[in-house]
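Visitor: Please work out how this folds:
(one chain, ligands or ions: 1)
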Amino acid sequence: MAGPVITIEDVSFRYNGQEAYALKDVSFSVDDGEWLAVVGHNGSGKSTLAKILNGLQFPEKGTVKVQNLLLSEEAIWDIRRMVGMVFQNPDNQFVGTTVQDDVAFGLENNGVQHDEMVSRVKEALERVHMAEFLNQEPHHLSGGQKQRVAIAGVIALRPKVIILDEATSMLDPLGREEVLETVRELKEEQGLTVISITHDLEEAAKADRIIVMNKGQVYKEGKPEDIFELKEELITLGLDIPFPVKMSHLLRNAGLDLPKMYLTDEELVNDLWKLHFKK
Ligand SMILES: Nc1ncnc2c1ncn2[C@@H]1O[C@H](COP(=O)(O)OP(=O)(O)OP(=O)(O)O)[C@@H](O)[C@H]1O
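Guide: Numbers count the residues shown, from 1 in each chain. All right, here's what the predicted structure looks like:
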């Protein structure tokens, strides 16, 4: 990883006419190629942060820098080219009548030439494993497939950063897994920087780093295993601890010799088997 691609310094924000701050003195950076999860209870400021990162809102105080570009009215289109967003509802973001039209939409708006557009649409759909659906209409697709098409529309524009704003929260477990696996591949193969804004700590467990938001402020930041050490504190903040994490705590408290906290069922089950056969 090579230096920050996004730097947020002392950002505060209030919605029009509101006295309370939706964000208050928020500072953090995101490294190039990193997967950062932003978690928090309803109203903690996650969506407001996403809107600011994409220039849909401007901070009242503080600065946002994407690479070396400072967020401002003038820089907005350049910033949006660098920071793509995928939103919560797969049905609200489909703008084309077919999968390829949908992915081409952003490219057309950016004045990309026809031949280049055709090759970028094809490449983006291959990357999200949706190439065989090129001529399909959206209503034939599952929620997970629609979100993968939305991701293709974003990566066709070759952004530095992709923000997933609760992008898996309306999907079934299979769709969620499909989307997260696609994002993981894009991060690993293309070096894409990922910011996933989620209330789902199981999703956050897959990130390189987690920021916990509370009442518009950064409450804590750290690696997933460090954040899950907060245990009851997370519950107090209105967050649900993932099942394998909860289970490892309980087993360790019951005296089982487990070497660490487990973020996935598979890891926990593997080590439980090992312990079982050691006896
Ligand atoms: N359009 C708006 N006008 C006024 N206040 C708003 C608006 N949108 C959000 N807020 C307020 O700003 C604060 C932060 O909200 P935000 O939506 O960013 O939180 P969140 O963590 O994304 O919550 P959720 O998970 O429910 O979307 C909350 O107190 C919320 O009530």
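
Visitor: Tell me who's in contact with the residue of the stretch 51-200 of the chain found nearest the ligand.
Guide: As assessed by CB to the nearest ligand atom, the ligand sits closest to His199 within the stretch 51-200 of the chain, at 5.8 Å. No exception for glycine: its C-beta is placed from N, CA and C like everyone else's. Counting by CB atoms under 8 Å, 6 or more residues apart in numbering, His199 touches 39-42, 46, 166, 169, 239.

Visitor: go again using 7 Å as the cut-off
Guide: By CB atoms under 7 Å, 6 or more residues apart in numbering, His199 lies in contact with Val39.

Visitor: Pull out the buried residues from the least confident helix or strand in the chain by mean pLDDT.
Guide: One helix or strand of the chain scores below all others by mean pLDDT, DSSP states H and E: helix 232-236, with a mean of 83. By 16 or more other CB atoms under 10 Å, the buried positions in helix 232-236 come out as Leu234.

Visitor: Asp25 reaches Asp10, doesn't it?
Guide: Yes: Asp25 lies in contact with Asp10 (CB atoms under 7 Å); the separation is 5.4 Å.

Visitor: Go ahead and flag the most central residue of the protein.
Guide: Central residue of the chain (CA atoms, centre = their mean): Ser196, 1.5 Å from the mean position.

Visitor: Can you give me the pLDDT of that one?
Guide: Note on Ser196: pLDDT of 95.

Visitor: beta partners for it?
Guide: Beta-bridge pairing for Ser196 (DSSP bridges): Ala37, Leu164.

Visitor: Tell me how the protein divides into domains.
Guide: 4-241, 242-279 (automatic domain parsing).

Visitor: most tightly surrounded among those domains?
Guide: Mean neighbour count (mean count of other CB atoms under 10 Å) peaks for domain 4-241 among the domains of the chain, with a mean of 18.
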